[in-house]
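Asks: Below are the sequence and a predicted model; questions follow.
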Amino acid sequence: MDFTPSPRVRELQDRIADFMERHVIPAECELVAQADLVRAGVPYPPALVPIRQKAKAEGLWNLFLPDEEYGAGLQNWEYGILCELMGRSLAAPAAFNCSAPDTGNIEILAEFGTPEQKKRWLEPLLEGEIRSCFSMTEPEVAGSDPTLIQTRAVRDGDQWVINGHKWFTSGAIGASVAIVMAVTDPGAEPRLRASMIIAPIDAPGLNIVRPVPVMGHTGGGGHCEIRYEDCRVPAANVLGPVGGGFMIAQARLGPGRIHHCMRAIGGAERALEMMCQRANTRVAFGEPLGKKQFVQDMIATSRMEIDQARLLCLYAAWKMDTVGKKEARQEISMIKVVAANVFMNVVDRAIQVHGALGVSDDIPLARMWRDGRMLRLADGPDEVHKQVIARRELARFR
């Protein structure tokens, strides 16, 4: 393994870092303030729109797609390096049209979509004209086990009729289309019961109930509760094979987890930088905080944790590139746990070094902490991944 960036990736690193310093970081406060302005028919905060236009004009667009037909043609580990830079700001992924859940939805539309589906949904997503959402998790069953999904889609002539209750459908407000995971054959083997179905947000019967309040945040695109009540969509809107929902979900989540993890590492790097800057300048009890041994311990531990997490993440991405997602599933599970916890640890230490300022919204640390805590639950909670990791290890020595 050699994780030395190619000249092209190094150039993209420099350009992304420069773009963020010029356009994204200075606009963070305004973008946060405008987050609640997102509503039906308005996919992005107004202040983000010109930033996205600049990124697109500069060719810093759709970098996550490994397929050169649609994206930059980078390997997963190469894009991971760029993703780390984007993770320094919560607003950055959307600026480059590289934010979830659009990235995952674009990937599966590109891989499994029919020509008609690609024309109607993939192309405008790639152009950044619309947003999408992914509707899988349900409040009545454990979201970590998608075989328990209860939402039903029944074929009625040339239509699918969807009925069910979803929540944590991220980004539904302002989106134009949802990809819904629904049971189409309840009598089949558990992993063959469900299908992915494309549902326009304005389809009759697709009812957005509310954005679910998350740790004090009640607005924005959020994580929405949705009720599908006799929601009818064309039969041609099934994505991939009927019964292929579980397989497509797994294909979608592998790269997405690597993206989340590398962004978490980027956020941890920024938190460490803020911690060091604060420790060098803040004086307490007669000397800078950086002179205190316990603060030095926080900084040293953070540096070691971040570098370890980065190497494990790059290794998982490299393994996906060389032997495939299935063979890399152990490493993907491990980095999902490690990166989220490292991010939380480093941000928590940075908050402590900043004192009262750290828990305020005057700087981004508190918002980073809230989103980092969510990362420990999103795409499978730590406990589920640890269980899977342990089972595979036990099987090796059985």
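Replies: Yep, it's here.

Asks: Please make it C-alpha for all contacts and neighbour counts, starting now.
Replies: Noted.

Asks: doesn't R232 fall inside a strand?
Replies: Yes: counting by DSSP: H, G, I helix; E, B strand; the rest coil, one finds R232 located in a strand.

Asks: List the contacts of it.
Replies: Q159, W160, V161, I162, A203, P204, G205 (CA atoms under 8 Å, 6 or more residues apart in numbering).

Asks: one more time with 7 Å
Replies: Residues in contact with R232 (CA atoms under 7 Å, 6 or more residues apart in numbering) are Q159, W160, V161, I162, P204.

Asks: How much space separates it from V209?
Replies: From R232 over to V209 the distance is 18 Å, taken as CA to CA, to the nearest Å.

Asks: what does C224 give?
Replies: In terms of CA to CA, C224 sits 7 Å off from V209.

Asks: For the closest residue to D185 other than its chain neighbours, list the residues it contacts.
Replies: The shortest distance from D185 to any non-neighbouring residue, by CA to CA, 6 or more residues apart in numbering, is to R193 (4.7 Å). R193 makes contacts with V183, T184, D185, P186, G243, as judged by CA under 7 Å, 6+ apart.

Asks: ok, the second one to G104 distance?
Replies: Same thing as T184. Using CA to CA, T184 is found at 22 Å from G104.

Asks: same question, the third one
Replies: D185 sits 24 Å away from G104 when distances are taken as CA to CA.

Asks: so what's A40 up against?
Replies: A40 sits next to I173, G174 when contact means CA under 7 Å, 6+ apart.

Asks: how about 8 Å then?
Replies: A40 makes contact with I173, G174, A175, according to CA under 8 Å, 6+ apart.

Asks: How about G380?
Replies: G380 makes contact with G143, S144, according to CA under 8 Å, 6+ apart.

Asks: May I have the secondary structure class of it?
Replies: For G380, the secondary-structure state derived from three-state DSSP is coil.

Asks: Give me the phi and psi angles of it.
Replies: Backbone torsions of G380, given as degrees, to the nearest 10, read phi 100, psi 120.

Asks: before we move on, the earlier item: which of the contacts of R193 fall in strands?
Replies: Among these, DSSP state E puts V183 in strands.

Asks: now the contacts of R193 as TSV including neighbour count, pLDDT and distance to T137?
Replies: TSV is the format used below for the contacts of R193 (neighbours: other CA atoms under 10 Å; pLDDT from 0 to 100; distance: CA to CA, whole Å):
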residue	neighbour count	pLDDT	distance to T137
V183	28	98	13
T184	24	98	16
D185	17	97	18
P186	14	96	18
G243	24	97	18
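
Asks: Residue nearest the middle of the protein, spatially speaking?
Replies: A100 (4.1 Å; CA atoms, centre = their mean).

Asks: Now do the SS call for that one.
Replies: coil.

Asks: and it, what does it touch?
Replies: G256.

Asks: Columns neighbour count and secondary structure on top of the contacts of R232, output as CSV?
Replies: Shown next, in CSV, are the contacts of R232 (neighbours: other CA atoms under 10 Å; DSSP: H, G, I helix; E, B strand; the rest coil):
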residue, neighbour count, secondary structure
Q159, 17, strand
W160, 23, strand
V161, 20, strand
I162, 27, strand
P204, 14, coil
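
Asks: mind putting those residues in TSV, pLDDT included?
Replies: Listed next are these as TSV, based on pLDDT from 0 to 100:
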residue	pLDDT
Q159	98
W160	98
V161	98
I162	98
P204	97
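
Asks: And the nearest residue to D102 once chain neighbours are set aside, how far from G104?
Replies: Leaving aside its chain neighbours, D102 sits nearest to S132 (5.6 Å; criterion: CA to CA, 6+ apart). Taking CA to CA as the criterion, S132 is separated from G104 by 10 Å.

Asks: Now do the strands in the stretch 1-150 of the chain.
Replies: Secondary structure of the stretch 1-150 of the chain (DSSP state E, counting those that start in this stretch): strands at 132-135.
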